[in-house]
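# Model the structure of this input:
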Amino acid sequence: MPPRRAILRPRSCHDPAVTPDTLAALHIAAFTDQRPWSAEEFEALLTSPHVFLVSQPQGFALGRVILDEVELLTIATAPEARRRGVGRDLMGAFEAEAKRRGADLAHLEVAADNLPALALYRGQGWAETGRRTGYYARPDGPAMDAVLMRKSLT
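As a prediction, this is how the structure comes out:
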């Protein structure tokens, strides 16, 4: 198996393999317990000069830098690639690109029941800063809290 590498794909990249449609398809596969994002939503986000994408064939992370802060908007890994370091690689590339764009502090939110993601973030030095009660709607059950996290990039 070739080494894993997260490849930075600037938002202006015209790589035919990375399109709003391919991002939406991967998001649908990765998020089965909540509403996935549509191709139109990805396309709208990618028109912002503040939004950036890091990707590799089995995953991507989307971030937004405003002044000296970055927010992880979403990260998705293909189900068959989980527990193989793809998320860790994407988070490293996300943080590197955020720093390159001038961010010193990173924020994210994650569903409280997304234990693999929480373990990934905590393992990479992210700390819980709060919660949003009932933030994530669930089609087959009660809404789930969002865990708010942050990490210094300096």
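
# give the contact list for the residue most central in space within the chain.
When C-alpha atoms, centre = their mean is applied to the chain, the residue found nearest the centroid is Ile75 (2.2 Å). Applying C-beta atoms under 8 Å, 6 or more residues apart in numbering, we find Ile75 in contact with 59-62, 87, 90-91, 94, 117. Every residue, glycine included, has its C-beta placed from N, CA and C.

# change it to 7 Å
61, 87, 90 (C-beta atoms under 7 Å, 6 or more residues apart in numbering).

# what about it, which helix or strand?
strand 69-77 (DSSP states H and E).

# and that strand, which strands flank it?
strand 59-66 (antiparallel), strand 105-111 (parallel) (DSSP bridges).

# Contacts for the first one, please.
With contact meaning C-beta under 7 Å, 6+ apart, strand 59-66 is reached by 23, 26, 45, 48, 50-54, 70-78, 81, 86-87, 90-91, 94, 97-98, 101-103.

# Thr129 is in contact with Ala146, isn't it?
No - Thr129 is not in contact with Ala146 according to C-beta atoms under 7 Å; the separation is 11.3 Å.

# who touches both of these two?
By C-beta under 7 Å, 6+ apart, no residue touches both Thr129 and Ala146.

# Quick check: what element follows the lowest-mean-pLDDT helix or strand in the chain along the chain?
Lowest by mean pLDDT, DSSP states H and E among the helices and strands of the chain is strand 7-9, with a mean of 49. Using DSSP H and E, the helix or strand that follows strand 7-9 in sequence is helix 20-30.

# For Asp21, give me its contacts.
Counted by C-beta under 7 Å, 6+ apart, Asp21 has contacts Ala39.

# In this protein, which helix is the longest?
helix 86-100 (DSSP state H).

# Next, the angle from that one to strand 105-111.
Note on geometry: by axes from the mean of the first three to the mean of the last three C-alpha atoms, to 10 degrees, helix 86-100 and strand 105-111 are set 150 degrees apart in direction.

# can you list contacts of helix 86-100?
For helix 86-100, with C-beta under 7 Å, 6+ apart as the criterion, the contacting residues are 4-6, 8, 52, 54, 56, 58-61, 63, 65, 70, 72, 75, 77, 106, 120, 124, 153.

# Can you flag the buried ones in those residues?
For the contacts of helix 86-100, a neighbour count by 16 or more other C-beta atoms under 10 Å gives the buried set as 4, 6, 52, 54, 56, 58-61, 63, 65, 70, 72, 75, 77, 106, 120, 153.
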